[in-house]
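Asks: predicted structure and sequence below. I'll ask about it afterward.
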Amino acid sequence: MAGPPGRPRRGETRDSRQVILDATVAIIKERGAGAVRVRDVCERAGVSTGTFYHHFENKDDLLMFFVRDGFFPATDLRTPRDDPAGRIVELYSSLMSAYVAMGEDFMKSFYTTDNAALSASFGQTDGRFPPGSVMAVSEEEITVAVSSGLLPGVRDVHQAAADICTLVKGCVFEWCLSGADLDLGEMIDRLIRDHLRAWGLRDRTR
């Protein structure tokens, strides 16, 4: 449910959006994503609720920044089309690299079952992934690869995209368990490529 429309209070600068995001990160690290409340964010950031609602519709809109809008921009992938494994790895690696940069505490506190935004972005409704989410884009990439004959073993594109996301979430969990002592990017790259080879992919890296 959207919050009331707002305007920044006089004297609150255009940097207030970043201040709100910084305050949100601090709260997530300290208490977890489930503890994020608009009032607490505003108090921590030192901004008015009007300023908050000028930048974000509500708490869920704020948290969605960290799973899609801010960390997963809709830009063209650099990896060539004939390397579907590389393109899917690039999709997830760009997102995970942004998370890792936030620190281990953020990752452990953000990747929890009480984070509704994470569940919404990495889940599905009525058999469909959220538009613009990493899972939806991954499904599009697999669809193109299948139609091009690059993944002949895929029988269900939607399920294939869901399986890859499950692999990535497992990598994140393992990374957190290790105390951030593993190379998350290497692990994601290796497991996605191994998984796609089972679908008949000829990996360009081998």
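Replies: Great, that's in hand.

Asks: can you read off the backbone torsions of Pro152?
Replies: Backbone torsions for Pro152, taken as degrees, to the nearest 10, come to phi -70, psi -20.

Asks: and it, how many neighbours?
Replies: Neighbour count of Pro152, defined by other Cβ atoms under 10 Å: 12. For the C-beta atoms, the positions are set from N, CA and C on the backbone; glycine is no exception.

Asks: now do the same for it: its pLDDT.
Replies: Confidence at Pro152, expressed as pLDDT, is 93.

Asks: same question for the one 10 residues further on.
Replies: Note on Ala162: pLDDT of 92.

Asks: pretty sure it sits in a helix.
Replies: Yes: according to DSSP: H, G, I helix; E, B strand; the rest coil, Ala162 belongs to a helix.

Asks: that one and Thr113, how far apart?
Replies: Going from Ala162 to Thr113 by Cβ to Cβ, to the nearest Å gives 18 Å.

Asks: tell me which of the two has more neighbours.
Replies: Ala162 (18 against 9).

Asks: isn't the more buried one up against Gly123?
Replies: No: look at Ala162 against Gly123 with Cβ atoms under 8 Å: they stay out of range, at 9.3 Å.

Asks: read off the pLDDT value for Asp181.
Replies: Looking at Asp181, the pLDDT reads 88.

Asks: how close does it sit to Arg128?
Replies: Look at Asp181 and Arg128: by Cβ to Cβ, they are 37 Å apart.

Asks: more neighbours, those two?
Replies: Arg128 (11 against 8).

Asks: so how far is Glu139 from the more buried one?
Replies: Distance from Arg128 to Glu139, by Cβ to Cβ: 9 Å.

Asks: find the nearest non-adjacent residue to the residue most central in space within the chain, please.
Replies: Here the mean C-alpha position of the chain is nearest to the C-alpha of Val67 (Cα atoms, centre = their mean), at a distance of 3.4 Å. Closest residue to Val67 apart from its sequence neighbours, by Cβ to Cβ, 6 or more residues apart in numbering: Ser121 at 3.9 Å.

Asks: does Ile142 touch Pro84 like I think?
Replies: Yes: using Cβ under 8 Å, Ile142 makes contact with Pro84 at a distance of 7.0 Å.

Asks: tell me how far the ends of stretch 38-58 are from each other?
Replies: 7 Å (Cα to Cα, to the nearest Å).

Asks: and the helices in the chain?
Replies: Under the criterion DSSP state H, helices of the chain are mapped to 16-31, 38-45, 49-55, 59-64, 84-102, 104-110, 116-121, 134-147, 157-177, 184-197.

Asks: just to revisit the earlier point, quickly list what's touching both of Ile142 and Pro84.
Replies: Shared contacts of Ile142 and Pro84, defined by Cβ atoms under 8 Å, 6 or more residues apart in numbering, comprise Leu151.
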